[in-house]
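Student: Got a predicted structure plus its sequence, pasted below:
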Amino acid sequence: MKRISILFVCMGNICRSPLAEGIFSHLVDAAGLADCFEIDSAGTGGWHEGEHPDRRSIATARGHGIDISRQRARRITTEDFSHFDLILAMDRANIVELHRMRPEATNIRLFGEFALETGEDIPDPYYGSRDEFELVYARLFTGCRKLLEALGTDNASWSGKTSSVR
């Protein structure tokens, strides 16, 4: 059975994408599907490479029983575009940057369209309050839950078929 590989992407890989990685990993583990997925996150910029997630992202995740404190920020690489079945960008600016980096990539999607089906951007809470981190967490949790329902509940619908993801 082929594992589905998913990469969550935001600007610096310290706020939104580490939260999404942590939430989706938590949901996958709770569903007993850890062997079915490869999950990671990255940023379009390298300003925070090697750093832990923002302390507010760590605290928000911890408040919901998820530990993201061991994650380290990294910048997306050219290999990621061919390695991951699905690259989920947090906002349209990330989409533009990802397509600038790899114009021919067909596996790039907006998280708000693919997971939430609302078309919304997930706002960057970096300059915001704790409440804004909580709102981002809520949107990411809703989207990650829907994503897992779509990709993980019916193994026959995706097993070895990444075309349904791309």
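Tutor: Arrived safely, thanks for sending. Worth saying up front: this structure is predicted, and the values here are computed from it rather than measured.
Student: tally of neighbours for residue 77?
Tutor: Number of residues near residue 77 (other Cβ atoms under 10 Å) recorded here: 10. C-beta: built from backbone N, CA, C; applies to glycine.
Student: Chain neighbours aside, what residue packs nearest to it?
Tutor: Of all residues not flanking residue 77 in the chain, residue 42 sits nearest, at 7.7 Å (Cβ to Cβ, 6 or more residues apart in numbering).
Student: Could you look up the next helix or strand downstream of the helix or strand encompassing that neighbour?
Tutor: For residue 42, the element it lies in under DSSP states H and E is strand 37-43. For strand 37-43, the following helix or strand on the C-terminal side (DSSP H and E) is helix 55-63.
Student: Hmm, residue 85 is touching residue 5, no?
Tutor: Yes. Assessed by Cβ atoms under 8 Å, residue 85 is found in contact with residue 5 at 4.9 Å.
Student: Strands of this structure, residue ranges please.
Tutor: Remark: strands assigned in the chain by DSSP state E are 4-10, 37-43, 86-89, 108-110.
Student: Mean neighbour count, distance to residue 124 and mean pLDDT added to the ones you listed, as CSV?
Tutor: Shown next, in CSV, are these (neighbours: other Cβ atoms under 10 Å; distance: least, Cβ to Cβ, whole Å; pLDDT from 0 to 100):
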stretch, mean neighbour count, distance to residue 124, mean pLDDT
strand 4-10, 25, 7, 98
strand 37-43, 22, 11, 98
strand 86-89, 26, 12, 98
strand 108-110, 19, 14, 98
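Student: hang on, residue 25 packs against residue 39?
Tutor: Yes. Residue 25 is within contact range of residue 39, at 5.0 Å (criterion: Cβ under 8 Å).
Student: Would you agree residue 41 is in contact with residue 13?
Tutor: Yes. Counting by Cβ under 8 Å, residue 41 does reach residue 13; the two are 5.8 Å apart.
Student: how about the strands of the chain in a markdown table, adding distance to residue 131?
Tutor: Formatted as a markdown table, those follow (distance: least, Cβ to Cβ, whole Å):
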| stretch | distance to residue 131 |
| --- | --- |
| strand 4-10 | 19 |
| strand 37-43 | 23 |
| strand 86-89 | 24 |
| strand 108-110 | 24 |
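Student: closest to residue 30 out of these?
Tutor: Minimum separation from residue 30 across the strands of the chain (Cβ to Cβ) falls at strand 37-43, 12.5 Å.
Student: what packs against the closest one?
Tutor: Packed against strand 37-43 by the contact rule (3 or more Cβ pairs under 8 Å, 6 or more residues apart in numbering; DSSP states H and E) you find strand 4-10, helix 16-30.
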